[in-house]
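Novice: have a look at this fold, sequence not included:
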């Protein structure tokens, strides 16, 4: 049984899987933090609504709302039908309850969207009718239940047939955008791949209707999965100004760096040049990983955007880990040491610009390779305190004061000061307070400890213990 096609262990394929290319009216990213409730049941998000808001999150990204089967996390990315919501993580009723519960707490809901392909069911049937006859029979046998989960259309009939797909054939050149956008994502062993939808007027209209139905339910943002594999034409047709009005739309264009890196120029740069929407800031992530590496320097984070190694602040979705990294063998080399990951969070939550995304998963034991490392990270004490700093500093301009191999120090006007020391030993820097704006004779209190700093003279020595971040607020 070959289902896990999209998430192959082939590192080259994995490097290129997720992408985004969206056209339409601009929807700027904000400083609000997103909780990526990856693979959480919708009912579990609902139960945690108040706690999510109290932790400081303003948005929650939920896993794909559509018809899918299979308990594996990757099965959520293999749609059987987009006309209803019914999967092991929840149904339409569950999602509606989730949206209402979070709205009550002042938190928006974003939905992960899969439009490029349908589920690979070649292991059990030869046709390309979606949903297949087996699923249609289930609809008929449970008509009252299915009616409650329906977003649009008559579910007594099929949605797509063979005429709605590109011809079968696997991508052979992941460096060629045309090849990537036309052919199928395939695994090994003569796998037939994920059936790739052709952007006919009919297909585009179904996808528009799907997005509008989610928007009507109260969804406020879309993360678009595998958009690199969709043609520019399809994207421009689906994501109309009407669909994206008032929405935060973003996705991932995976690269291993920014300016000067091949995939950045072939895939991410065109997206940046042709849209004004958000994107995962993989260039910044590469800078973060390099800075926190053994021989790396924190000076890489002094002003990475100036060198094309970070996205513009108003378009960036910043992160220290995404769902692909721990769940796929081809990306696991990007997992950071736990201490460095926490320090990196202090950086993305301390800095100005970008929309931080905090990954927290709910994986079954047989799929969790890291013993629950990220299961409750969203609500841990240090994370809540860093988000509190982030929210308090919203709109406060950032000025980098100093950086070297071990340390990075920056301020958020006179209201905040962040110091990060990645090295094992204590490091110090003397701040010239005549050149910067600080309040004297009042305590700047560290959000992450009981330590405080009080400036009483022009030159103030700031010392940061080894492997520590300080996030001071006035």
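Specialist: Received, thanks. Owing to the predicted nature of the structure, the values given are computational and were not obtained by experimental measurement.
Novice: tell me the spacing between residue 250 and residue 276.
Specialist: 11 Å (C-beta to C-beta, to the nearest Å). Backbone N, C-alpha and C define where each C-beta goes, glycine included.
Novice: who has more neighbours out of the two?
Specialist: Per other C-beta atoms under 10 Å, whichever of residue 250 and residue 276 has more neighbours is residue 250, with 27 against 16.
Novice: and whatever helix or strand that one lives in, what other elements does it pack with?
Specialist: When elements are assigned from DSSP states H and E, residue 250 belongs to strand 248-251. In terms of contacts (3 or more C-beta pairs under 8 Å, 6 or more residues apart in numbering; DSSP states H and E), strand 248-251 is packed against strand 221-225, strand 278-280.
Novice: recalculate using a threshold of 6 Å.
Specialist: When contacts are defined as 3 or more C-beta pairs under 6 Å, 6 or more residues apart in numbering; DSSP states H and E, strand 248-251 sits against strand 221-225.
Novice: the strand holding residue 250 pairs with which strands, and in what direction?
Specialist: With DSSP bridges as the test, strand 248-251 is paired with strand 221-225 (parallel), strand 278-280 (parallel).
Novice: to residue 77, which of those strands lies closest?
Specialist: Residue 77 lies closest, by C-beta to C-beta, to one member of these: strand 221-225, at 6.2 Å.
Novice: next SSE downstream of that closest one?
Specialist: Next along the chain after strand 221-225, taking DSSP H and E as the criterion, comes helix 232-238.
Novice: report the mean per-residue pLDDT for that next one.
Specialist: For helix 232-238, the mean per-residue pLDDT is 84.
Novice: and what of stretch 318-328?
Specialist: 96.
Novice: try stretch 251-266
Specialist: When pLDDT is averaged along stretch 251-266, the result is 91.
Novice: compute the first-to-last residue distance for that stretch.
Specialist: 16 Å (C-alpha to C-alpha, to the nearest Å).
Novice: output the below-cut-off pLDDT ranges for the protein.
Specialist: Flagging of the chain using pLDDT under 70 yields the residue ranges 1-31.
Novice: 50 - rerun?
Specialist: Residues of the chain that meet the criterion pLDDT under 50 lie in 1-29.
Novice: show me the domain layout of it.
Specialist: Domain assignment of the chain by automatic domain parsing yields the ranges 11-392, 398-473.
Novice: so of those, which one's packed in deepest?
Specialist: With neighbours taken as mean count of other C-beta atoms under 10 Å, those reach their highest mean count in domain 11-392, at a mean of 19.
Novice: chain center to that one, what's the gap?
Specialist: Its chain's C-alpha centre and that of domain 11-392 lie 6 Å apart, by C-alpha atoms, centre = their mean, to the nearest Å.
Novice: which non-adjacent residue is nearest residue 103?
Specialist: On the basis of C-beta to C-beta, 6 or more residues apart in numbering, the spatially nearest residue to residue 103 that is not a chain neighbour turns out to be residue 218, at 6.5 Å.
Novice: and what about residue 430, helix, strand or coil?
Specialist: Assigned state for residue 430: strand (three-state reduction, DSSP: H, G, I helix; E, B strand; the rest coil).
Novice: and it, bridged to which residues?
Specialist: Going by DSSP bridges, residue 430 is paired in beta bridges with residue 461.
Novice: let me know whether it touches residue 459 as I believe.
Specialist: Yes - because the distance of 5.2 Å satisfies C-beta atoms under 6 Å, residue 430 is recorded as touching residue 459.
Novice: residues that sit against both of the two, list them.
Specialist: The overlap between the contact sets of residue 430 and residue 459 (C-beta atoms under 6 Å, 6 or more residues apart in numbering) is empty.
Novice: how far away is the residue nearest to residue 103 from residue 415?
Specialist: Residue 218 is 34 Å from residue 415, where distance means C-beta to C-beta.
Novice: next up, the contacts around residue 33.
Specialist: With C-beta under 6 Å, 6+ apart, residue 33 has these contacts: 57, 356, 387.
Novice: one more pass at 8 Å, please.
Specialist: 56, 57, 58, 59, 349, 355, 356, 357, 358, 387, 390, 391 (C-beta atoms under 8 Å, 6 or more residues apart in numbering).
Novice: how close does residue 272 sit to residue 111?
Specialist: According to C-beta to C-beta, residue 272 and residue 111 sit 23 Å apart.
Novice: re the thing from before, dump the strands paired with strand 248-251 into CSV; add distance to residue 140 as well.
Specialist: Below are those laid out as CSV (distance: least, C-beta to C-beta, whole Å):
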stretch, distance to residue 140
strand 221-225, 30
strand 278-280, 41
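Novice: quick one, strands of the stretch 251-400 of the chain?
Specialist: If you assign secondary structure with DSSP state E, counting those that start in this stretch, the strands in the stretch 251-400 of the chain sit at 278-280, 316-318, 355-361, 398-403.
Novice: for residue 332, find the nearest of those strands.
Specialist: strand 355-361 (14.0 Å).
Novice: strands paired with that closest one, and their directions?
Specialist: Applying DSSP bridges, one finds strand 355-361 paired with strand 34-38 (parallel), strand 316-318 (parallel).
Novice: re earlier: need the max-distance pair from the contacts of residue 33.
Specialist: For the contacts of residue 33, the farthest-apart pair by C-beta to C-beta is 357 and 391; their separation is 15.2 Å.
Novice: in terms of secondary structure, what does the biggest helix by length in the chain contact?
Specialist: Of all the elements of type helix in the chain, the one with the most residues (DSSP state H) is helix 201-217. Counting contacts by 3+ C-beta pairs under 8 Å, 6+ apart, helix 201-217 is packed against helix 92-104, strand 108-114, helix 232-238, helix 241-244.
Novice: what does stretch 212-220 rub up against?
Specialist: Counting contacts by C-beta under 8 Å, 6+ apart, the residues outside stretch 212-220 that touch it are 59, 65, 92, 95-96, 99-100, 103, 108-111, 113, 151-152, 222, 242-243, 246-248.
Novice: switch to 10 Å and redo it
Specialist: 27, 59-60, 62, 65-66, 82-85, 92, 95-96, 98-100, 102-103, 107-111, 113, 150-153, 211, 221-222, 240, 242-248 (C-beta atoms under 10 Å, 6 or more residues apart in numbering).
Novice: measure stretch 189-198 end to end?
Specialist: 25 Å.
Novice: no, scratch that, I was asking about stretch 289-297
Specialist: According to C-alpha to C-alpha, stretch 289-297 extends 10 Å from its N-terminal end residue to its C-terminal end residue.
Novice: residues in contact with that stretch?
Specialist: Counting by C-beta under 10 Å, 6+ apart, stretch 289-297 makes contact with 256-257, 287-288, 298-302, 304, 309, 320, 333-337, 339-341, 343-344, 347, 403-408, 420, 422, all of which sit outside it.
Novice: so which of the helices and strands packed on helix 201-217 gets nearest residue 166?
Specialist: Short answer: helix 232-238, nearest of the helices and strands packed on helix 201-217 by C-beta to C-beta, at 11.1 Å.
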